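Participant: here is my input; please provide its structure:
(chains A, B, C and D)
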Protein chains: 2
Amino acid sequence: MSASTLSEVARLAGVSPATASRVLNGSARTPGPEIAERVRQAAASLSYVPNAQAQGLVKSKSGLIGLIVHDIADPYFSAIARGVQAAAREQGKMLLLATTNGTPAEECVAVAAFAARRADSIVIAGSRSIRPEDKNSNAELSAELDRYCRNGGRVGVMGHPVVGASAHECYHVVNVPNEELAAELVGKLAKIHSGTFLILGGPEGLLTSDDRIRGYQRGLKAAGLPPAEIVRTGFDRAGGYDAGLSLAKRILGGARHRHGVPQGAEARPCILAVNDVMAIGAVAALRSEGLRIPRDTLIAGFDDIETLRDFRPALSTVHLPLEDFGRLAALGGTSGGSADNEAEAGTTPAGRVMLRRSTETRALSQT
Amino acid sequence: MSASTLSEVARLAGVSPATASRVLNGSARTPGPEIAERVRQAAASLSYVPNAQAQGLVKSKSGLIGLIVHDIADPYFSAIARGVQAAAREQGKMLLLATTNGTPAEECVAVAAFAARRADSIVIAGSRSIRPEDKNSNAELSAELDRYCRNGGRVGVMGHPVVGASAHECYHVVNVPNEELAAELVGKLAKIHSGTFLILGGPEGLLTSDDRIRGYQRGLKAAGLPPAEIVRTGFDRAGGYDAGLSLAKRILGGARHRHGVPQGAEARPCILAVNDVMAIGAVAALRSEGLRIPRDTLIAGFDDIETLRDFRPALSTVHLPLEDFGRLAALGGTSGGSADNEAEAGTTPAGRVMLRRSTETRALSQT
DNA sequence: GCGCAATTGGCAAGCGCTTTCCCAAACAAG
DNA sequence: CTTGTTTGGGAAAGCGCTTGCCAATTGCGC
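Facilitator: As a prediction, this is how the structure comes out:
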């Protein structure tokens, strides 16, 4: 005793299924007003719910848009998800969500699942990886995606094209100016900080991390400074925490022992984390070792995660309009020709450097 | 030139569609190994992707599970979503996500959409509301849900049954012991804090908020204390911030002017917020007015949001295993009979009071 | 009043898949 | 060698819906 069907409604209304279909779902041809009313009444009295699967089957589209993230509980991704969701709603579509822990292998199965469900478009939010161990999975992923595209799917990617993808015309990549913004952040920081810089990066091959690192180094160079040392660790809070622990030792050690070296430079480095959560993790670790921010070390993050904005000391970071990115990726040039898309990409909400307490050089006292 | 179909594969393999279906999708009858191989090869060479919509249509189930949240970017909901997602994956299903901003009206359309897509089950994560203005929408929502249930759908709800629902046997509600835990929190707080208590609540009629408030009052009573004043505000950070602003004035005013009143009691209240983000908002406001936590006022939250754990002063709160709740709601007694479910509900991971820095009464100095 | 176009409802053919029957072949038993 | 029993594959009937096409009705100009 499943839901009632269109034919049942039609029978009750005394019309053919064709007519019922035409009145209940936006068809070009609308039957006469009196018949329409009868059908609508019948539908209501049977509490008819159209079967979207059947509709999708015949129209060969599903009204679904698939979103792939590493972890939906990660605030970075959930912000993007909100944007994608909003875009979906605007288009009258529903959101299919898949999480992959960042592994291309799982992304691959997610794409396949979306393809099976005939998702109208799919958005990949997670950072691309070119680590050697992901090479095979990446190849499979791009194959799967290309196939999906060839069958008429559209895919939106954030930040980086999918490595190895070939059906370029189907891909809509939202440009995330990681490198530029990172450089800009460093530029501003270099003006107020005269000590050393130190980069807290994710694993090599993670494109987002690599971009930001490159930006940091470029900014340093532009400011006439030498490249900073890069500490590699996990791209999450735990990674930041671990690195923070060892950094704390170095900073404390450096301050204590190396009297010959310019005091200010070694004793109070500026840590450039490649994202906010790593920065937060590092701060937690530094604090647990008795260090204070910004007294003993400056630190900056990246992303400007909303939930973290009340963190003290307020974290200097780069604000990214993640929600807009999500929406853009989901819209994927839906509204307008490709020329418009180019323009759109140009006017992408671009992010903004936010200098806050965690990199304040004046006040040396307080937490 | 859409994706290739089963019949195409069958033709290529030189078998009937029936056979192809049998080998490519787990059927009871598995064709001979040599034929199976041929079919599989054909499928691979055509890069065949089964059409889940068609499959769903004939099997009249979709492999979809629908999740309804207020806002996916809210860490509370994204934690739950992670759990639901995990459960979905375990069952080999996909997650359909709908956000509603907490309005029953939008929840209603979400349920309808899920029903149309023939979601196998749906999970409602957002708090139920019994505010008078939501009465109609609630009725529609429960009607929609009941209909969905009658057609064989299962629904999992967190915390509270849907108001007005009647098809009880289809609902699986995971019990969130808000009241008990709130009481427990207050109990522990009452042991270390001798001043007044003050409740920072959400709008009246929001069940989660009301439960927690009731728990707070009950805990107070159990400790032999008078009921606390309740300040009503929005259930989010902004609400907490606003309330914090006015509270700050009162606290400052109280400390300055009312010398007759026992100093400790008025000057250093303990604020019991009904969730973490409100607490954080309040802290931000209090700080902006020059107050310090826990020096000038104690404060506790509820939920133990992960991203907020690095917040300083560490927020006393009630840890809720949100992810488990999500998983449980999604599993919905899938594994086992209803008797098991009862047991399961009993052994629900129950949450835990976390006393941290923000309610520390000893140290009166520092931030 | 007639012919024409325009309108309106119904028929039926699918969309891509599963599954129930049915049938032929293959085997065991008598 | 006949009969009963498996066995493995195919034919076909849908799942619930849309839509191209046709037939019937209507409206209109002349």
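
Participant: lowest average confidence, helix or strand, in chain A?
Facilitator: helix A:338-346 (a mean of 42; mean pLDDT, DSSP states H and E).

Participant: next helix or strand past that one?
Facilitator: The helix or strand immediately downstream of helix A:338-346 is strand A:352-354, counting by DSSP states H and E.

Participant: that following strand: partners in the sheet, and parallel or antiparallel?
Facilitator: Its sheet considered, strand A:352-354 pairs with strand A:317-319 (antiparallel) by DSSP bridges.

Participant: quick one: average pLDDT of the strand it pairs with?
Facilitator: The average pLDDT for strand A:317-319 rounds to 97.

Participant: who touches that strand?
Facilitator: Around strand A:317-319, the neighbours that count as contacts under C-beta atoms under 8 Å, 6 or more residues apart in numbering or on different chains are A:181-182, A:184-185, A:276, A:279, A:300-304, A:351-354, A:356. Any C-beta I mention is one placed from the backbone N, CA and C, and that applies to glycine too.

Participant: tell me which of the residues you listed fall in strands.
Facilitator: Counted as lying in strands by DSSP state E, out of the contacts of strand A:317-319, are A:300, A:352-354.

Participant: among the residues you listed, who's most crowded?
Facilitator: Highest neighbour count within those, by other C-beta atoms under 10 Å in any protein chain shown: A:Ala300, with 29 neighbours.

Participant: which stretch of helix or strand covers A:Ile199?
Facilitator: Using DSSP H and E, A:Ile199 maps to strand A:197-201.

Participant: what's the burial count for the closest residue to A:Leu57 other than its chain neighbours?
Facilitator: Sequence neighbours aside, B:Gln53 is the residue nearest to A:Leu57 in space, at 4.8 Å (criterion: C-beta to C-beta, 6 or more residues apart in numbering or on different chains). B:Gln53 has 26 neighbouring residues, counting by other C-beta under 10 Å.

Participant: ok, A:Gln85 next?
Facilitator: Counted by other C-beta under 10 Å, the residues lying close to A:Gln85 total 28.

Participant: again, but for the one 4 residues further on
Facilitator: A:Arg89 sits with 15 neighbouring residues when counted by other C-beta under 10 Å.

Participant: gap between it and chain B?
Facilitator: A:Arg89 is 8 Å from chain B, where distance means C-beta to the nearest C-beta, to the nearest Å.

Participant: domain parsing of chain A, as residue ranges.
Facilitator: A:6-50, A:62-174, A:178-320+A:350-359 (automatic domain parsing).

Participant: distance to B:Arg128 added to the ones you listed, as a markdown table?
Facilitator: Converted to a markdown table, the domains of chain A look like this (distance: least, C-beta to C-beta, whole Å):
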| stretch | distance to B:Arg128 |
| --- | --- |
| domain A:6-50 | 23 |
| domain A:62-174 | 22 |
| domain A:178-320+A:350-359 | 25 |
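
Participant: circling back to that earlier point, thought the residue nearest to A:Leu57 was touching A:Lys59?
Facilitator: No: B:Gln53 is not in contact with A:Lys59 according to C-beta atoms under 8 Å; the separation is 9.9 Å.

Participant: what pLDDT is listed against the residue nearest to A:Leu57?
Facilitator: Looking at B:Gln53, the pLDDT reads 94.
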